[in-house]
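**Q** what follows is a predicted structure for the sequence shown.
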Amino acid sequence: NLMHRNHMLPESASLRCTVFNDKGDLIASSKDVKRSTLISEYGLFPRDLRKIDKTNHSVEIAPSISVRRDSILINMLYIRCLIKADTVILFDDMSLRSSRAQSQLISEIETKLKSTTDSSLAYEMRALEAVLVSAMTNLDAEMKVHTTVTKGILSELEQDVTSDKLRFLLIQNKKISTFAQKATLIRDVIDELLDNDDDLAEMYLTDTLNNKPHSVDDHAEVEMLLESYYKHSDEIVQTINSVIANVRTTEEIINIILDSNRNQLMLLGLKFSIGLLSLGAGMFAASAYGMNLENFIEEDHYGFPLVVILTMAPMAFLFAYSSKHLRRLQKVTMMDHYKSVREKF
Amino acid sequence: NLMHRNHMLPESASLRCTVFNDKGDLIASSKDVKRSTLISEYGLFPRDLRKIDKTNHSVEIAPSISVRRDSILINMLYIRCLIKADTVILFDDMSLRSSRAQSQLISEIETKLKSTTDSSLAYEMRALEAVLVSAMTNLDAEMKVHTTVTKGILSELEQDVTSDKLRFLLIQNKKISTFAQKATLIRDVIDELLDNDDDLAEMYLTDTLNNKPHSVDDHAEVEMLLESYYKHSDEIVQTINSVIANVRTTEEIINIILDSNRNQLMLLGLKFSIGLLSLGAGMFAASAYGMNLENFIEEDHYGFPLVVILTMAPMAFLFAYSSKHLRRLQKVTMMDHYKSVREKF
Amino acid sequence: NLMHRNHMLPESASLRCTVFNDKGDLIASSKDVKRSTLISEYGLFPRDLRKIDKTNHSVEIAPSISVRRDSILINMLYIRCLIKADTVILFDDMSLRSSRAQSQLISEIETKLKSTTDSSLAYEMRALEAVLVSAMTNLDAEMKVHTTVTKGILSELEQDVTSDKLRFLLIQNKKISTFAQKATLIRDVIDELLDNDDDLAEMYLTDTLNNKPHSVDDHAEVEMLLESYYKHSDEIVQTINSVIANVRTTEEIINIILDSNRNQLMLLGLKFSIGLLSLGAGMFAASAYGMNLENFIEEDHYGFPLVVILTMAPMAFLFAYSSKHLRRLQKVTMMDHYKSVREKF
Amino acid sequence: NLMHRNHMLPESASLRCTVFNDKGDLIASSKDVKRSTLISEYGLFPRDLRKIDKTNHSVEIAPSISVRRDSILINMLYIRCLIKADTVILFDDMSLRSSRAQSQLISEIETKLKSTTDSSLAYEMRALEAVLVSAMTNLDAEMKVHTTVTKGILSELEQDVTSDKLRFLLIQNKKISTFAQKATLIRDVIDELLDNDDDLAEMYLTDTLNNKPHSVDDHAEVEMLLESYYKHSDEIVQTINSVIANVRTTEEIINIILDSNRNQLMLLGLKFSIGLLSLGAGMFAASAYGMNLENFIEEDHYGFPLVVILTMAPMAFLFAYSSKHLRRLQKVTMMDHYKSVREKF
Amino acid sequence: NLMHRNHMLPESASLRCTVFNDKGDLIASSKDVKRSTLISEYGLFPRDLRKIDKTNHSVEIAPSISVRRDSILINMLYIRCLIKADTVILFDDMSLRSSRAQSQLISEIETKLKSTTDSSLAYEMRALEAVLVSAMTNLDAEMKVHTTVTKGILSELEQDVTSDKLRFLLIQNKKISTFAQKATLIRDVIDELLDNDDDLAEMYLTDTLNNKPHSVDDHAEVEMLLESYYKHSDEIVQTINSVIANVRTTEEIINIILDSNRNQLMLLGLKFSIGLLSLGAGMFAASAYGMNLENFIEEDHYGFPLVVILTMAPMAFLFAYSSKHLRRLQKVTMMDHYKSVREKF
């Protein structure tokens, strides 16, 4: 029952952060920062912290880019990041599976912030670009894994439909649906930001800090930056959606094929029945002449071939008759149905 | 990783356009025009350009006719076009499949703009009409392909239901649903424009340019022009919807027929079983008399025919008895059910 | 490509109308009236005309009764009609199938307008009543056809369930659903009008013309008139809904019966298998004694009957054993399931 | 065509009513009262009358308790009643099936109104209570019938699942769903009234008549009265909902059982096939030795038992081999699937 | 008919309560308190009491934490509790199954209220925490039962899929869905409270009583307290949701496996048919030579082995031919379908 007491302990009130200074130097790596410090120093609300912390447990949290008076708060995939005009704080994700992406993100941010070629861009823009590059690279990689795996299953299914492959397609289908949702949310977040002039203008944190706030219309630079990432995410969404449509069509076609296969198995079974029935007729005739009774042609020289040939007759008749019946059913037609209905009503 | 840098390059900020002057002459073909030029010279918003550019990747974008102070922006099928009182700018679609429609559109616009018989119509009206003619011709052609193909499959299915044809119907069904949605959106865009007096009046760009703005009620000319295209698109929507309803009914009927066919195959299999069972009875009797045991009628002259005839008896009995059972099940009736329930409850 | 030019031709701008004067005389039958005349003389909006004209193609248009300052515009089933204080204009429906209903409507309107017994009612009320009578008569007739046909199929299905009948039920089900929707929309239009005091009071066109406008509460006469037609349409809706519920229940019961029938066919097949299996056992024993080998009882007098009887034993055993197995499965019970689960968990 | 004229006849404008005076005496039984009288004397609106009259045709009308300035109008189940401070008017339902409930309601109202023990309650409260008692008694009785019948079917199904019983469960399921909806609507009407302080205070008609209107908070008496009926109706709703949940669970379990039964029938059929196949092998061997050919052991003393025993060998082998195959399929396991997929991908 | 009178009896107007004073002493256990007392003394509304009482019958009531001017009313799981600055009233739940949780709650509240270590917390906060601890402990326990049982069924299903286990999975699935809904509602109630600054500030009842009301921003203490329980409930919701997703995936995989199993049973049946057919061919040949007719090789020394070997030929042919047919169908492929369609259309 320790759980319901830990809100008393001061440690629980801290988050593990990685901090970059205005030169792009990594001044603190995975440092525990108190919640109260974050709130007082960086102008965050307790609500923001809750949102950031919430992601420990639930992955399905919607991505967001919140533009504040003097900071940009980004919550996207494994990235939870606060960008200010002279500081970048990266909140660490404890879960293991994103640790590699996390370290790539750290080096990307450092490179960008220290970069001299991009120095025409303000500090916050470079940080934002580093975050978006990392997110897109990650999305891209995941998309490539999904499309490769899915195409592999689909091409295997084209050769041979087995329940194992169907099962794997089902699981893969779930995964790409989840990914498509994730990618669409990220695209929509960027799209909404692009449609919001106020937020775009407020993103010039350095200029705002230097008392040169941008007017609502003056945001060409950041708009173009965001646009290129919007297009990239849109491409990912389009690609994954076409993969999903592909999977769905394949599934529906497989259903038709399996249905038809089952019908053909039924038909084959009926053909075997016809064969057995014909042989049965022959056997009956033969066993009749095998009875220890006087059949008057015992000694006849032509008895054997005659009876064998005559025995073939009912066999052939039964075979022909049954086959005709089956063939009539084998060809499923809508003609008769229309006709009979027209006659009746 | 070149992708996330290309927003820096000036070329990426241009669109390929085809421009017509006020005489209808093609003054620029597939010329690259800078985004900034488009925004400053033609009074477009960055948002409009994004919308136009967006269509590179996603085809599902909703059509739109936006009426501005001094221009009409049309986004419809493969057409993305800006009409002004003295200029028409056509934004090129890079994708190959619409290139033929695109060149037809260019010649249509040129013809209309240079036309002398229609000279009573203002410049912008003639351009608008050329665009709508091109769009409708395209929709019409696509509709005809779809209806022809669909009717072909349906008539083939009437003769013979196979899984190949069902599979093809499934794919065709998806295609016509997509087309119906596309056509409906276009019809609705025209319908909404017709219901909006302000927009209709503002569409007289030449008169507005000459300081003779139309009042909100004064738009009979453009209303009639749009109405005829509204009717045409409505006809297309009605036709394609009736095709869809036709396909759905056929699918449901096929399901009933396939179900009934499967039942008939089951019944046929049972008939074969009856035959085999009867023959089995006969064979048992015959093989009993075939035993190397003394059956006391070995030498009897009437033994053979007698036993054969007597052997037929259980065969006939089994055949009749089984057939009766089957016939009772073959005729599915609701009568007994009602009765027995009434008795019970 | 004539289509996209016909908005230029003046004829296309006219509608075919039938006009009654204030005496009820038919002063114009199927006369072509220009759209512009209709708009200027009768105070209609271009929008109204579009709505009236739209019905050429699409039947699914929602019915409406629009009350204007000096006219009532009715759009209901095949009826498109403008009622004024001294004129009734009936817009002709070009489609053939409603031509008989149309001519009945014309004679009904003429009779009503010339009627002396109803002369206590104002001109517009008599016209309105004629329109409603015609619409209700038509709905009634269609409902009777649908209920008769549906009941016929249902009673046929009670005797014998075939795929032809199921197919016909499916098609009929679609038809009555469409009809129910149509009837419900008409009932709701009248109901809404009854709930709208303003519109009811404004419907006294003659009094309004004579400068005696009715107050919002003073509409007992028209309310009672509409009420009786409301009740009639409500009855039709109730009847058709109970027919639909009937069809749905029958369909669900048929599904249960077909399922049970399929199970019974399976059981019958298994019974045949039991028979064949038993005979097979007998045949094996008999054919063993039919071998050309010394079986030591060749000459025994009691050999034949003994072996035949002994042969019956495995047959009987197999028959009894298999039948027991089958019987156990034939009676589907939930008992064992409950028990075994309780024991397990 | 008399129908569309009857709004002219004065009789159609009357309702059949039963009236109680302020002493609780039945002063008029099934008297025809003119609509106009009801409107003028009792302050009803034509709309109220329409609602009351509407119930002739449609049973699905929503229940309602409307509190007016000087009357309470109740529309619930078969009850349509107007309560005033000194009069109770009961509108007769023409339909036969509720006539007994109707007469019980009349005697209940009379008893309550004349009651001396309840005389502390105002006239309108006693009338309201009588109405609610009658409604609840009726709901209760119907619920008991439904639960008894449903439990009967469910317990019958536990012993033996037949299509007749399933069919009956289907019909019963529909009935209890309709009833649950009806009961829920009544509970919600009382709940809404309880949440509406204004209406509760206005229900003291006698006090209002005596110019002692209750304040919005002063309605403890009526609130407690309604509360007890609210609880009763809530109990009914809860009971019927638990019955519905029970039915649904049973249906889903039956589906699993039927599915499993079908699989077991298939398995039994395969077992019979195995038997027949084994016997066939034996028969072939035996009939081979039954050929009229020299097999060299004709005279051997151990020939017969030897061949019979050797014949058993292929039979036993086929039986064992086939049974093994079947047993492997009989035990449906997910293990192999997981393994094979892991190996493949 | 006692039911509809019990609102007259004074007892029915009381609730059974357990009361704690400001020292945390249990001053009244399961005491009947009049509704009127509760309303007048504790400032409750009749509506609150109804809500509390309602839970007798329906379990599906939504949880709520209502913050009042001088009290907090909690309705959560089996807990219905009123917290004031110096009193805690616990309303007893009559139902038996929650009695143990109830007594645990009572001891938890007493411990907390008397606790000296937590004395830094105000009286109402300690009471609130006790309530939340009890609710979370209960949710946790229920979650553990559900996950354990579900995992047990899933692991049993991995070994062997039987209808009993499927049935149990179905029932368990319903239970965990209900539980997930319950847990989600509780989490959302806490989340909403956390997002509402006003309510959080008003929860400092003691300070409000001492005329030191907290400002809207001043609620760090209670926010942190609620947050830790929010996280706990969120963890429960996440866990149960992943269990549900697990169950759903297993169900879908089982469907694929059962389908594949049914196909394999069909294939096995066809293999048996092939065997029987081949044996039938052999038997026919053998029985032909068993006829009592002159076959000219009776005395031939090589007749027997020759005929047996020749008899094997049609058997082998039939076996090979049928098996080839079956193998072709056994491997379900999409290849042919694509090809044939491409050729046709």
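**A** Arrived safely, thanks for sending.
**Q** switch to C-alpha atoms for all contacts and neighbour counts from now on
**A** Fine.
**Q** ranges for the helices of the stretch 51-200 of chain A?
**A** For the stretch 51-200 of chain A, the helices defined by DSSP state H, counting those that start in this stretch occupy A:99-114, A:123-159, A:163-194, A:197-202.
**Q** so in chain A, which helix runs the longest?
**A** Criterion DSSP state H: the longest helix present in chain A is helix A:220-289.
**Q** for A:G303, find the nearest of the helices of the stretch 51-200 of chain A.
**A** Across these, A:G303 has its closest neighbour in helix A:123-159 (54.9 Å, CA to CA).
**Q** next one: A:A180, what pLDDT does it get?
**A** pLDDT, A:A180: 94.
**Q** the one 4 residues further on now?
**A** Reading off the confidence values, A:T184 has pLDDT 93.
**Q** neighbours of it, how many?
**A** 18 (other CA atoms under 10 Å in any protein chain shown).
**Q** ok, now which ones touch it?
**A** By CA atoms under 8 Å, 6 or more residues apart in numbering or on different chains, A:T184 lies in contact with A:S233, A:D234, A:V237.
**Q** among these, which one lies nearest to chain B?
**A** Using CA to the nearest CA, A:D234 comes nearest to chain B of these, at 7.6 Å.
**Q** for the residue of the stretch 151-300 of chain A found nearest chain E, which residues are in contact?
**A** As assessed by CA to the nearest CA, chain E sits closest to A:G290 within the stretch 151-300 of chain A, at 3.8 Å. Shown in contact with A:G290 (CA under 8 Å, 6+ apart): B:A286, B:S287, B:G290, E:S287, E:A288, E:G290, E:M291, E:N292.
**Q** quick one: the third one from A:D217, how far?
**A** Between B:G290 and A:D217 the computed distance is 107 Å (CA to CA, to the nearest Å).
**Q** what do you get for the second one?
**A** B:S287 sits 103 Å away from A:D217 when distances are taken as CA to CA.
**Q** the more surrounded of those two?
**A** The neighbour comparison of B:S287 against A:D217 (other CA under 10 Å) goes to B:S287, with 28 against 10.
**Q** so the more buried one is in contact with C:M283, correct?
**A** Yes. Counting by CA atoms under 8 Å, B:S287 does reach C:M283; the two are 6.6 Å apart.
**Q** if we can go back for a sec, how about the helices of the stretch 51-200 of chain A in a markdown table, adding distance to A:V247?
**A** As requested, the helices of the stretch 51-200 of chain A are exported to a markdown table (distance: least, CA to CA, whole Å):
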| stretch | distance to A:V247 |
| --- | --- |
| helix A:99-114 | 29 |
| helix A:123-159 | 8 |
| helix A:163-194 | 7 |
| helix A:197-202 | 38 |
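**Q** which residues does A:S287 contact?
**A** Counting by CA under 8 Å, 6+ apart, A:S287 makes contact with B:M283, B:A286, B:S287, B:G290, E:S287, E:A288, E:G290, E:M291.
**Q** okay if I get those as TSV plus pLDDT?
**A** Shown next, in TSV, are these (pLDDT from 0 to 100):
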residue	pLDDT
B:M283	84
B:A286	81
B:S287	81
B:G290	80
E:S287	81
E:A288	79
E:G290	80
E:M291	76
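**Q** closest to D:L268 out of those?
**A** For those, the nearest to D:L268 is B:M283 (24.9 Å; CA to CA).
**Q** how about the residue lying closest to that closest one once chain neighbours are set aside, what does it touch?
**A** Nearest non-adjacent residue to B:M283, counting by CA to CA, 6 or more residues apart in numbering or on different chains: A:F284, 5.1 Å away. Each residue near A:F284 by CA under 8 Å, 6+ apart is listed here: B:L279, B:G280, B:G282, B:M283, B:A286.
**Q** ok now the longest helix of chain A, how far from the chain's centre?
**A** Between the centre of helix A:220-289 and the centre of its chain there are 20 Å (CA atoms, centre = their mean, to the nearest Å).
**Q** nearest to C:Y42 among the contacts of A:T184?
**A** Distances from C:Y42 to the contacts of A:T184, taken by CA to CA, are shortest for A:D234, at 53.6 Å.
**Q** burial count for that closest one?
**A** Counted with other CA under 10 Å, the neighbours of A:D234 add up to 22.
**Q** please apply the same query to A:S120.
**A** Residues near A:S120, counting by other CA under 10 Å: 9.
**Q** list the contacts for it?
**A** Shown in contact with A:S120 (CA under 8 Å, 6+ apart): no residues.
**Q** let me know the pLDDT of it.
**A** Looking at A:S120, its pLDDT is 75.
**Q** so how far is C:F168 from it?
**A** From A:S120 to C:F168 the distance is 75 Å (CA to CA).
**Q** for chain D, give me its nearest residue in the stretch 201-345 of chain A.
**A** For the stretch 201-345 of chain A, CA to the nearest CA, closest residue to chain D: A:G290, 8.9 Å.
**Q** give me the nearest residue to that residue, chain neighbours excluded.
**A** Counting by CA to CA, 6+ apart, the residue nearest A:G290 is E:M291, at 3.8 Å.
**Q** now swap in A:M312 and tell me
**A** Using CA to CA, 6+ apart, the nearest residue to A:M312 is A:G282, at 6.3 Å.
**Q** neighbours around the one you found, how many?
**A** The burial count for A:G282: 30, using other CA under 10 Å.
**Q** now the one 10 residues further on
**A** Residues within reach of A:N292, counting by other CA under 10 Å, total 25.
**Q** what about it, which SS state?
**A** Here A:N292 is coil, with the state taken from DSSP: H, G, I helix; E, B strand; the rest coil.
**Q** just checking, it touches B:N292?
**A** Yes. A:N292 is within contact range of B:N292, at 7.4 Å (criterion: CA under 8 Å).
**Q** scan chain A for its longest strand.
**A** Counting by DSSP state E, the longest strand found in chain A is strand A:26-34.
**Q** what packs against that strand?
**A** If you count contacts as 3 or more CA pairs under 8 Å, 6 or more residues apart in numbering or on different chains; DSSP states H and E, strand A:26-34 packs onto strand A:14-20.
**Q** what sits up against the strand it packs on?
**A** A:26-35, A:87-92, A:110.
**Q** go again with 10 Å.
**A** A:25-38, A:49, A:52-53, A:80-83, A:86-94, A:106, A:109-110, A:113, A:127 (CA atoms under 10 Å, 6 or more residues apart in numbering or on different chains).
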